[in-house]
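Novice: Make a model of this:
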Amino acid sequence: MAMASDLDSYPAELSMDEKTLLCKLKIKWESSTWSIRHAKFDEKTAIVFGQALQHSIGVKQLELKYCQLADSGTYHLALAVQSNMSLIKLQLQFAHNLSAQGVEYLAKALTVNSTVQTLDLSKNKLPPEAGKGLQLLLERGSTSLTLLDLSYNHLGVQGTRALACGLLQNTSLQQLKLCSNEITAVGMVHLVAGLKGPTCLSHLDLYFNKLGDAGARLIGAVLKENNSLTVLKLGLNDIGDEGAKHLANGLKDNTSLLEIDLQANSIGTMGTQSLVKALQLNTTLTTLSLTRNRLGAAAAQSLASLLKVNATMESLDASFNHMEAEGLIYLAKALRANFSLLKLNLDGVAANGEGIRELSAALKVNVILEQLSLVYNQLDHHAARDIADALKANTTLHILNLGQNEIGDQGARHLATALRHNTSLKKLNLNRNIIRTQGAFELAQALMENTGLEAFSLSQNEVSHHGACQFAEVIKASHTLKELDLSWAAICDKGMKVVASALSHPTSLTKIILTDNPCQLASEWLLFQLAIKPTNNITICTDMYSELQCELVSRDYTLRQVLQGGLDVTTLAPTKLSASLHQFIIHVLCGMDIRVIPRRRTHLIHSRLVTFLESNLSRFHLLPRNGGDVYCWANQTEWLQDVFTQCQALLDFNA
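Specialist: Numbers count the residues shown, from 1 in each chain. You can find the predicted model right below:
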């Protein structure tokens with residue numbers, strides 16, 4: 001049951017039913033985003049909610065996820081959307097029971113509404129019959145609608161046909177997402193016909209639709225004539241060499257497409273050669289993704305020939321193709337002559353040894369490349385040494401991802417030496433590299449001297465207590481490091497306490513990740529340190545904090561507000577808070593006039609616990625606000641005793 005103080009926060013013109021419902025749904029009236037999950041919108045609820053939405057003039061985004069929307073509920077929601085003149089983004093994801101009739105209700109509403117720009121109906125299992133409403137939406141809908149997301153539904157050929165008819169009449173839609181809709185090549189016949197109209201569609205996502213080579217042929221024909229598409233996603237569509245050839249024929253003449261995504265298809269050497277020949281003529285495409293295809297060394301050689309002559313390609317993703325050292329050598333030599341490529345992804349290409357040496361040599365002379373990823377390539381300490389040598393000379397690389405390799409402590413030592421000299425690298429990822437305490441220690445020492453790195457990750461390495469102590473010094477001394485990831489780093493309570501103490505000092509850090517470390521009280525300790533020094537604006541990710549953040553993020557609350565006592569805890573009442581969050585509230589907000597609506601009735605905290613907390617507030621560096629009483633959710637004496645025990649343990653840990 002809502003408290004009177006909560007209901008008073010809503011405008012007087014709202015009815016009591018409207019106020020009560022909004023309070024139950026945990027909606028802040030002044031918020032521009034209304035996010036609702038796992039709610040059942042029967043007719044009565046939808047009517048009351050719709051009336052409240054009609055009164056609102058500040059809500060810009062309405063998000064309903066995992067909500068049950070029967071036809072009657074959708075009807076009244078649509079009426080509210082129709083008359084609301086502030087809404088810009090409408091999201092109805094995972095909306096159980098959203099039917100073809102419900103889609104038609106929404107479509108009719110949006111023919112009147114003139115403000116909604118984004119409609120997200122993804123992941124709703126919409127049947128083919130929903131195409132009728134979508135056709136109405138595109139033919140008669142407002143010109144304000146620019147993005148329509150229909151991903152992960154079941155439109156099929158029938159629904160796609162109706163959608164295509166709507167596209168023929170539409171002149172405002174810019175982005176259409178049709179990922180996983182069982183379109184097939186038959187459905188593409190209708191869709192390409194719709195694209196021949198006076199469309200301004202620039203972004204088309206057809207990922208995972210079983211298009212095959214036949215569908216690629218139809219798309220290739222469209223690319224010859226279309227001059228509006230800039231982004232085309234065709235991943236996971238069973239496109240082989242023949243289909244790539246058809247796409248290449250379209251790319252030769254196309255002058256608008258900037259990005260094409262062909263990931264997870266079956267393109268091999270012949271298909272790559274066809275694409276390369278087309279892109280040697282094409283002067284507009286900047287981004288090409290061929291990840292998870294069938295590219296070998298010969299295909300890599302073709303791509304290398306493209307990089308030598310193409311002056312517009314800025315991003316190439318060839319990851320998870322079995323190129324091996326031979327293929328990498330071809331690409332590395334091309335990098336010496338390339339003056340356009342900014343981003344290169346070579347994850348999982350089985351590159352090591354001679355291939356890495358050639359790539360490192362190329363990095364010494366390349367003056368363009370800014371991002372390089374070499375994840376999952378079994379890179380050892382020899383490869384790390386070669387890359388480190390390149391970093392000493394390179395002045396343009398900003399992001400380097402070496403995660404999930406086998407660099408070890410010896411490789412870490414080489415990279416640490418490079419970091420003492422390099423000032424251009426901004427982000428370095430070394431997660432899961434068998435780096436232990438010694439390697440972590442040397443990397444931390446290097447960061448003390450480095451003046452350029454802004455983000456660093458040692459996640460899933462054995463940093464341990466000694467490494468954590470050195471990173472604590474980095475936290476206090478660095479003037480550039482903003483993000484630090486030490487999750488899964490085998491840091492115990494002792495090491496975490498040192499890190500926490502460092503966080504109480506002025507630091508350049510804005511985010512630190514410490515989840516999944518074997519410590520019991522680390523989260524509480526870190527939160528208290530931030531309470532001591534609330535001027536440090538740090539996003540802190542620990543197991544307990546992550547759980548709390550999930551509860552607070554939709555309510556526009558921040559950890560800062562919590563620590564400063566600005567959180568109205570009553571808004572959390574309808575949520576099934578876990579025991580750890582109960583304890584968090586007691587630990588951090590004790591003595592700050594907390595009043596939490598109980599599950600059954602309000603209980604004053606056990607007198608022994610109250611006495612204990614009040615007598616130790618000075619040690620927590622927290623003072624009671626306005627001399628208020630301390631209340632909590634309390635159904636069992638055993639739970640109160642557990643809180644008492646944990647508070648005592650926290651004090652022992654502090655000591």
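Novice: Tally up the residues packed near the spatially closest residue to residue 242 that is not a sequence neighbour, please.
Specialist: Spatial nearest neighbour of residue 242, chain neighbours left out: residue 213 (4.4 Å); criterion: Cβ to Cβ, 6 or more residues apart in numbering. In short, each C-beta sits where N, CA and C put it, glycine included. Counted by other Cβ atoms under 10 Å, the residues lying close to residue 213 total 21.
Novice: CA atoms only: put whichever strand or helix holds residue 21 into PDB for me.
Specialist: Element membership of residue 21 [criterion: DSSP states H and E] is helix 16-24. Coordinates of each C-alpha in helix 16-24 appear next as PDB, following Å, rounded to 0.1, in the frame of the first residue of the first chain:
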ATOM      1  CA  MET A  16      -6.200   8.700  -6.700                       C
ATOM      2  CA  ASP A  17      -6.300   5.600  -8.900                       C
ATOM      3  CA  GLU A  18      -3.800   7.100 -11.200                       C
ATOM      4  CA  LYS A  19      -1.500   8.100  -8.400                       C
ATOM      5  CA  THR A  20      -1.700   4.700  -6.700                       C
ATOM      6  CA  LEU A  21      -1.000   2.800 -10.000                       C
ATOM      7  CA  LEU A  22       2.000   5.000 -10.800                       C
ATOM      8  CA  CYS A  23       3.400   4.500  -7.300                       C
ATOM      9  CA  LYS A  24       2.800   0.700  -7.600                       C
END
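Novice: thinking again about what came up before, so the residue nearest to residue 242, which of the three states?
Specialist: helix (DSSP: H, G, I helix; E, B strand; the rest coil).
Novice: Check it and give its pLDDT.
Specialist: As predicted, residue 213 sits at a pLDDT of 98.
Novice: Tell me, please, the helix or strand in the chain that averages the lowest pLDDT.
Specialist: Using mean pLDDT, DSSP states H and E, the weakest-scoring helix or strand in the chain turns out to be strand 631-632, at a mean of 33.
Novice: on that earlier part again, and the helix holding residue 21, what's buried?
Specialist: Of all the residues in helix 16-24, those buried under the rule 16 or more other Cβ atoms under 10 Å are 18-23.
Novice: what's the following helix or strand after that helix?
Specialist: Immediately after helix 16-24, counting by DSSP H and E, sits strand 33-37.
Novice: Tell me what angle that next one forms with helix 16-24.
Specialist: 80 degrees (axes from the mean of the first three to the mean of the last three Cα atoms, to 10 degrees).
Novice: Check the spacing between residue 232 and residue 341 real quick.
Specialist: 20 Å (Cβ to Cβ, to the nearest Å).
Novice: And the helix holding residue 21, what does it pack against?
Specialist: Applying 3 or more Cβ pairs under 8 Å, 6 or more residues apart in numbering; DSSP states H and E, we find helix 16-24 packed against helix 4-7, helix 43-55.
Novice: TSV for the ones you listed, including mean pLDDT?
Specialist: Below are those laid out as TSV (pLDDT from 0 to 100):
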stretch	mean pLDDT
helix 4-7	52
helix 43-55	87
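Novice: Mean neighbour count, those: which tops it?
Specialist: Burial of the helices and strands packed on helix 16-24 is given as mean neighbour count (mean count of other Cβ atoms under 10 Å); helix 43-55 ranks first at a mean of 20.
Novice: Need the residues that contact that one.
Specialist: Residues outside helix 43-55 that contact it (Cβ atoms under 8 Å, 6 or more residues apart in numbering): 11, 13-15, 17-18, 21-22, 25, 34, 39, 41, 59, 62, 70, 72-77, 79-81, 83-84, 87.
Novice: Strands - which of those residues land there?
Specialist: 34, 41, 62 (DSSP state E).
Novice: Quick one: those as JSON lines, columns for pLDDT too.
Specialist: Below are the ones in strands among the contacts of helix 43-55 laid out as JSON lines (pLDDT from 0 to 100):
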{"residue": "34", "pLDDT": "87"}
{"residue": "41", "pLDDT": "83"}
{"residue": "62", "pLDDT": "92"}
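Novice: Before I go, just wanted to say thanks for your time.
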